[in-house]
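S.K.: can't give you the sequence, but here's the structure:
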């Protein structure tokens, strides 16, 4: 689907481009300046994203481990209780209810963490788009294509502006940190 959108953008841009030149035969042809970025490489090298991603993975893994540990305890307790249904006491019922409550709390917290990460990723993608737009305008580029391993596009030619965007992102972060 993403490839179709990219192709459509290229076609639309080629028809809408205001940059026209005349050929020797007098016909008008349009020049389209195309560049590409590799967002996978960009995100690996961009400290802000990398730090956020590392923190998210660490927090997520902790929630998952804690939740799995609780699930194991619940399973063991249920197993112990099944063999002795007539001997289940109030403390075992209370323990089971408490473990299930803790498990549900961890599940809810993990869902919140995932939602928060999703929002942060959206903010980061929007920031990348803004910077890519700035770099494209500065370099008079009509179309910027994402050519990364996670969303590969077959491209021929074009200029790789990944480093320019990373530089601009870092420059923006430095300005923010100095304020």
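M.R.: Thanks, I have the structure now. Everything numeric here is computed off the predicted structure, so don't read it as measured data.

S.K.: which intervals of this protein have sub-threshold pLDDT?
M.R.: Flagging of the chain using pLDDT under 70 yields the residue ranges 1-29, 83-88, 152-158.

S.K.: which stretches of it form strands?
M.R.: Secondary structure of the chain (DSSP state E): strands at 20-22, 28-30, 34-37, 143-146, 159-160.

S.K.: Distance of the spatially most central residue of the chain relative to residue 58?
M.R.: Centroid-nearest residue in the chain: residue 121, 4.6 Å away (criterion: Cα atoms, centre = their mean). Computed as Cβ to Cβ, to the nearest Å, the residue 121 to residue 58 distance reads 16 Å. Quick note: C-beta positions are derived from backbone N, CA and C, even for glycine.

S.K.: by contact count, what packs against the lengthiest helix in the chain?
M.R.: Using DSSP state H, we find that the single longest helix of the chain is helix 90-138. Under the contact criterion of 3 or more Cβ pairs under 8 Å, 6 or more residues apart in numbering; DSSP states H and E, helix 90-138 touches helix 39-45, helix 47-83, strand 143-146, helix 162-178.

S.K.: Which neighbouring elements make contact with the third one?
M.R.: So the one you mean is strand 143-146. Checked by 3+ Cβ pairs under 8 Å, 6+ apart, strand 143-146 has helix 2-16, strand 34-37, helix 90-138 packed alongside it.

S.K.: can we see that at 6 Å?
M.R.: Under the contact criterion of 3 or more Cβ pairs under 6 Å, 6 or more residues apart in numbering; DSSP states H and E, strand 143-146 touches helix 2-16, strand 34-37.
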